[in-house]
Structures are given as C-alpha cells and as structure tokens.
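In: After the sequence you'll find the predicted model.
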Amino acid sequence: MIILGIDPGTVRVGYGVIETEKNTLCHLASGILLLPPHLGIMRLSAIEKELRNLIARYRPQKVGVEKLFFSKNKKTALAVAEARGVIINTILSYHLPLSEFTPNEVKVAATGSGNASKQAVAKMVSLLLHISTSKLLDDTTDALAIAIAAANKTAPSL
C-alpha cells in the first residue's frame with residue numbers, strides 16, 4: 001500500500017511517500033512543496049496543483065495529514081488552517097482514505113514517545129525507512145513520520 005504523508009505549512013508543505021509491504025516500510029519519495037510567499041492567497045491554488053501532481057505521480061491508497069496545533073501567532077495559525085483546508089479538500093476529491101494526527105500522535109507513532117524532539121523523530125524515520133535524514137528539512141521528516149503514523153493506523157478517520 002502506498003501512503004502519502006503531508007505536513008501543512010504556509011510557505012513550505014512537507015510530503016513523504018512510503019510503501020508498506022509485508023510489515024516492511026519503504027521510502028518512495030519525499031520533499032517540500034515550495035510556495036513563494038509573494039503569491040499571497042494564490043499560494044492556496046499552488047498547494048492544490050502541487051498536491052494533485054503528487055497524487056497523480058504516486059497514486060497513494062491512503063493519506064495522513066497533521067492536525068493544526070495551538071499557535072501563539074494567530075496570523076500564522078489561520079494561514080496554516082487555510083492550507084490544511086485546501087489539502088484536505090483536494091485529498092477528499094480523490095476519495096482517498098484520510099487520517100489526521102496531532103503532532104504528539106505522530107511522535108508516538110515514530111518514536112514511541114509523545115515528548116520526542118524533532119531530532120528523535122528524524123532519527124527514527126531514518127531507521128524505519130533506511131534512509132539518511134541528515135540533509136532533510138523538518139517539514140520532510142515530519143511528513144514521513146505522518147506517513148508512518150498513517151501506515152500504523154488500521155482504519156481511516158475520514
């Protein structure tokens with residue numbers, strides 16, 4: 001089964017594509033959807049276009065997306081919420097099973113601890129997927145951890 005993990009953001013959206021086969025996780029692709037900040041509200045359209053390209057290229061059977069957590073900066077929280085809305089709407093338009101995870105749920109899925117650091121998550125992603133994460137941005141390793149969380153979830157939430 002091919003699983004897509006998405007870490008929503010305002011300027012960078014992380015993605016990770018993994019495959020599960022016989023209780024083994026395999027890294028297929030990962031990276032960042034770069035969204036130029038000068039696009040303003042048009043970046044939402046760019047998110048949809050790039051996500052549609054990812055779905056067409058990798059044909060995931062399941063998708064995981066990180067839930068928005070409390071942010072002190074209301075402007076940033078609203079922008080991320082807008083991006084999440086576009087991401088979720090795009091995924092649902094393909095009728096793909098979607099699971100949402102809090103940051104703590106992602107940490108538990110990847111490391112076994114909800115208090116794990118970003119470095120600990122990256123290290124476990126590296127070990128579980130047999131890849132080097134040393135040059136990957138946090139958004140990418142987080143997206144891969146979200147895909148791992150979705151792989152471990154037996155029933156989709158949506």
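Out: Cool, the structure landed. Numbers count the residues shown, from 1 in each chain.
In: May I see the buried residues of the longest helix seen in the chain?
Out: For the chain, the longest helix by residue count, based on DSSP state H, is helix 74-93. In terms of neighbour count (16 or more other C-beta atoms under 10 Å), helix 74-93 has its buried residues at Ala79, Val80, Glu82, Ala83, Arg84, Val86, Ile87, Ile88, Thr90, Ile91. The C-beta positions use only the backbone N, C-alpha and C, and glycine is treated the same way.
In: Thought Pro8 was touching the second one, still the case?
Out: Yes. Val80 is within contact range of Pro8, at 5.6 Å (criterion: C-beta atoms under 8 Å).
In: what do these two both touch?
Out: Leu68 (C-beta atoms under 8 Å, 6 or more residues apart in numbering).
In: Which parts of the chain are strands?
Out: Remark: strands assigned in the chain by DSSP state E are 2-7, 12-21, 24-34, 62-66, 98-101.
In: Let's have the ones you listed in TSV, adding distance to Asn53.
Out: Output for these, formatted as TSV (distance: least, C-beta to C-beta, whole Å):
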stretch	distance to Asn53
strand 2-7	12
strand 12-21	11
strand 24-34	9
strand 62-66	14
strand 98-101	18
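In: who wins for proximity to Ser132 among the ones you listed?
Out: strand 24-34 (10.3 Å; C-beta to C-beta).
In: Just checking: what are the partner strands of the closest one?
Out: strand 12-21 (antiparallel) (DSSP bridges).
In: starting at the chain centroid, how far to the partner strand?
Out: In terms of C-alpha atoms, centre = their mean, to the nearest Å, the centre of strand 12-21 is set 7 Å apart from its chain centre.
In: which residues touch the longest helix of the chain?
Out: 6, 8-10, 13, 43-44, 47-48, 51-52, 55, 63, 65, 67-68, 70-71, 98, 158.
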